[in-house]
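In: just need the structure, nothing else, for what follows:
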Amino acid sequence: MLLFTQLNHLDNVVVALQDLSAGQELVVNGKKILLKKEIKRGHKISIKKILPNEDIIKYGAPIGHATEVIDIGTHVHTHNIKTNLDGLLNYEYKPKFVESQYTMENRTFQGFKRKNGQVGVRNELWVVPTVGCINGVAEMIIKKFKQEVESIHPFDNIMVLSHNFGCSQLGDDHENTREILSDMVHHPNAGGVLVIGLGCENNNLYDFQEGLGEYDSQRVKFLVSQEVTDEIEEGVKLLKEIYENAKDDKRETVPLSELKIGLKCGGSDGLSGITANPLLGKFSDYLIAQGGTTVLTEVPEMFGAEKILMERAENKEIFSKIVHLINDFKEYFIANNQPIYENPSPGNKEGGITTLEDKSLGCTQKAGTSVVSDVLKYGERLKTKGLNLLSAPGNDLVSSSALAAAGCQMVLFTTGRGNPYGTVVPTVKVSSNTALYQKKQHWIDFNAGRLLEENTEEVLRDFIDYIINVASGELVNNEKNGYRGISIFKTGVTL
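Out: Coordinates of the predicted model:
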């Protein structure tokens, strides 16, 4: 097994691929290096003497600068590196495009065609509360509905999109709640939706209904609890109406160009940018070559790598959108008197990630090398095929929900330390290392740690086949375990 990897010939550090011992000898570019101390898997080792204020180079780019003399064979981490990032930056459009290595293969999956032309990878019945105080009512409606019907077929699942919002919110918070819930009503994985309100919330159901625009009235029903005597019976009646209109739904063959996939990471480690994230990047490039769509989010985890994305903007208009995406999020930190670059998390650091540049250069590899075709605001739905960027924070629950709300039929979620969470769409967990996959097979769906021992293209082909199977109905662990939910971005005052 490989002991370490140098990710770029310009790097002055290598990354340990397994735990290494103090005094262990490595041969790097023909030179012998003696380790000064024990090095954990995913952590960095200096391969040259680095002076104070000299840049630490990883992925061929600076990830910070040395705060002291770092001798050859030394552990390089938070105790001797500081970020180079500081304040707002000015950007210039200097496009650099890479030709795709993938061609059209005319592959298909089995999905559910909707009346409006969208395609779902699941056929689910969702109950969407307009306000959090009726989550329990929604659960009772589903419970009784299941008691009164022999089978929920053709629905794959029935669930409440529980949340804590919809009342006592102002400004952007109120709009965010309405936008995300509206997006869920329109989601192609929902074969039917019951929207249930209380009756006195500021996310008023009638205003909410009017703001939906066009919808299929046979598949989307509405109920205000305070206006009826028995909201449970009325809710069950409406679910039965939706069920009758959906009972003949079945999967049909559709091209891969109909897939919209969210790209996400959480609980990353030092191997995430070496195995799992690059695997998603290759998959993203492959899917886009088939005419499909991928979406990268977690804006704070683009800081330090944003210029790479800006260089791939399709045109100057998209470049300007990316600049606003980055700077608007930085202004959000500043407006709340918080440090812009307070990242990575303690778990990330334990796994070998040192600075935000280190994290961001690894995270953005999920987007491959494709051209950026559009940039979406939080709550916006996809309009353009290809690689899209979406405004959302790094928080796993909020960003995954934002990807689903944008119209992604599933989310690919890489992790080096493990995470059981899933949003309302299939959330495919991809481990960066084999040890995590073996330890948490009830969480992890695909092991990208194989890339350290196997041919990259073979692993990619296995991954493509697996994603097609998931799109065609194979359940992933978050679905099997019932770890599903939504979370909505909140920034302001609660009354």
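In: tell me the domain ranges of this protein?
Out: For the chain, whose domains are defined here by automatic domain parsing, the residue ranges read 4-82, 124-248, 256-481.
In: Gly111: which of these is closest?
Out: Of all those, domain 256-481 sits nearest to Gly111, with 6.5 Å by C-beta to C-beta. C-betas here are computed from N, CA, C, even on glycine.
In: hmm, back to that, which of the domains of the chain sits most buried?
Out: Per-residue neighbour counts averaged over each of the domains of the chain give the maximum for domain 256-481, namely a mean of 22 (mean count of other C-beta atoms under 10 Å).
In: surely Glu241 meets Arg219?
Out: No. With contact taken as C-beta atoms under 8 Å, Glu241 and Arg219 are classed as non-touching, separated by 9.6 Å.
In: how far out from the middle of the chain is the helix or strand that Leu403 is a member of?
Out: Using DSSP states H and E, the secondary-structure element containing Leu403 is helix 396-405. In terms of C-alpha atoms, centre = their mean, to the nearest Å, the centre of helix 396-405 is found 7 Å from the chain centre.
In: name the helices or strands packed onto it?
Out: Of the remaining helices and strands, those touching helix 396-405 by 3 or more C-beta pairs under 8 Å, 6 or more residues apart in numbering; DSSP states H and E are helix 171-185, strand 260-265, strand 410-415.
In: can you redo these as CSV with mean pLDDT?
Out: Listed next are the helices and strands packed on helix 396-405 as CSV, based on pLDDT from 0 to 100:
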stretch, mean pLDDT
helix 171-185, 97
strand 260-265, 98
strand 410-415, 98
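In: which ones are touching Glu214?
Out: Glu214 sits next to Asn116 when contact means C-beta atoms under 8 Å, 6 or more residues apart in numbering.
In: what about it, distance to Gly117?
Out: Taken as C-beta to C-beta, to the nearest Å, the spacing of Glu214 relative to Gly117 amounts to 12 Å.
In: over to Phe463?
Out: In this structure, Phe463 and Gly117 are separated by 28 Å, where distance is defined by C-beta to C-beta.
In: sorry, back to before: of all the domains of the chain, which one is nearest Lys94?
Out: Smallest distance to Lys94 across the domains of the chain (C-beta to C-beta): 6.0 Å, for domain 256-481.
In: where does the chain have low pLDDT?
Out: Under the criterion pLDDT under 70, no range of the chain is flagged.
In: in it, which helix has the most residues?
Out: Ranked by residue count, the top helix of the chain under DSSP state H comes out as helix 316-335.
In: and the contacts of that one?
Out: Surrounding helix 316-335, the residues in contact under the criterion C-beta under 8 Å, 6+ apart are 88, 91, 93, 95, 299-300, 302-303, 306, 309-310, 313, 339-340, 372-375, 389, 391, 393, 491.
In: same deal with stretch 163-172?
Out: Surrounding stretch 163-172, the residues in contact under the criterion C-beta under 8 Å, 6+ apart are 129-133, 135, 173, 177, 181, 198, 200-203, 486-488, 490-495.
In: mind running it again at 7 Å?
Out: With contacts defined as C-beta atoms under 7 Å, 6 or more residues apart in numbering, stretch 163-172 is touched by 129-132, 177, 201-203, 486, 488, 491-495.
In: out of those residues, list just those in helices.
Out: Using DSSP H to define helices, the subset of the contacts of stretch 163-172 located there is Thr177.
In: now, which of the contacts of stretch 163-172 lie within strands?
Out: Secondary-structure check on the contacts of stretch 163-172 using DSSP state E: residues within strands are Pro129.
In: out of the contacts of stretch 163-172, who's nearest Leu20?
Out: Ile486 (42.0 Å).
In: from Glu214, how far out is that closest one?
Out: Between Ile486 and Glu214 the distance, using C-beta to C-beta, works out to 23 Å.
In: next: Ile142.
Out: Distance check for Ile142 against Glu214: by C-beta to C-beta, it reads 26 Å.
In: please enumerate the helices of the protein.
Out: Secondary structure of the chain, counting by DSSP H: helices at 135-148, 171-185, 205-211, 231-246, 276-289, 306-310, 316-335, 346-350, 356-363, 396-405, 434-439, 456-471, 477-481.
In: among those, which comes closest to Gln101?
Out: Proximity to Gln101 (C-beta to C-beta) singles out helix 276-289 among the helices of the chain, at 7.2 Å.
In: just checking, what packs against the closest one?
Out: Packing contacts for helix 276-289, counted by 3 or more C-beta pairs under 7 Å, 6 or more residues apart in numbering; DSSP states H and E, involve strand 260-265, strand 293-296, strand 386-390, strand 410-415, strand 427-431, helix 456-471.
In: given the second one, what are its sheet partners and their directions?
Out: Under the criterion DSSP bridges, strand 293-296 sits next to strand 260-265 (parallel), strand 386-390 (parallel) in its sheet.
In: partner residues bridging the residue nearest to Tyr437 when sequence neighbours are not counted?
Out: Excluding the flanking residues, the one nearest Tyr437 by C-beta to C-beta, 6 or more residues apart in numbering is Asn447, at 3.8 Å. In this structure, Asn447 has beta-bridge partners Ser431, where bridges are defined by DSSP bridges.
In: distance check, Asn447 against Lys439.
Out: With the distance defined as C-beta to C-beta, Asn447 ends up 11 Å from Lys439.
In: next: Asp172.
Out: If you go by C-beta to C-beta, the gap between Asp172 and Lys439 works out to 40 Å.
In: over to Tyr102?
Out: Distance of Tyr102 to Lys439, given as C-beta to C-beta: 33 Å.
In: just to revisit the earlier point, now the longest helix of the chain and strand 386-390, what's the angle there?
Out: Angular relation of helix 316-335 and strand 386-390 on a 0 to 180 degree scale: 20 degrees, by axes from the mean of the first three to the mean of the last three C-alpha atoms, to 10 degrees.
In: tell me which residue is most central in this protein.
Out: Central residue of the chain (C-alpha atoms, centre = their mean): Lys264, 2.5 Å from the mean position.
In: just give the nearest non-adjacent residue to that one, would you?
Out: Here the nearest residue to Lys264 in space, its sequence neighbours aside, is Phe413; by C-beta to C-beta, 6+ apart that works out to 4.7 Å.
In: the one you found and Pro426 touch, don't they?
Out: No. Under the criterion of C-beta atoms under 7 Å, Phe413 is not in contact with Pro426, lying 10.1 Å apart.
In: centre of the chain versus stretch 237-251, how much separation?
Out: 31 Å.
In: mind saving the C-alpha coords of it as CSV?
Out: Output of stretch 237-251 as CSV, limited to C-alpha atoms (Å, rounded to 0.1, in the frame of the first residue of the first chain):
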residue,chain,number,x,y,z
LYS,A,237,-59.4,12.5,2.5
LEU,A,238,-57.0,14.7,0.5
LEU,A,239,-54.2,12.2,0.6
LYS,A,240,-56.6,9.6,-0.8
GLU,A,241,-57.5,11.9,-3.7
ILE,A,242,-53.8,12.3,-4.5
TYR,A,243,-53.4,8.6,-4.2
GLU,A,244,-56.2,7.9,-6.7
ASN,A,245,-54.6,10.3,-9.2
ALA,A,246,-51.1,8.7,-8.8
LYS,A,247,-51.9,5.0,-8.5
ASP,A,248,-50.9,4.2,-12.1
ASP,A,249,-47.5,5.9,-11.9
LYS,A,250,-44.6,3.8,-13.1
ARG,A,251,-41.0,4.1,-14.0
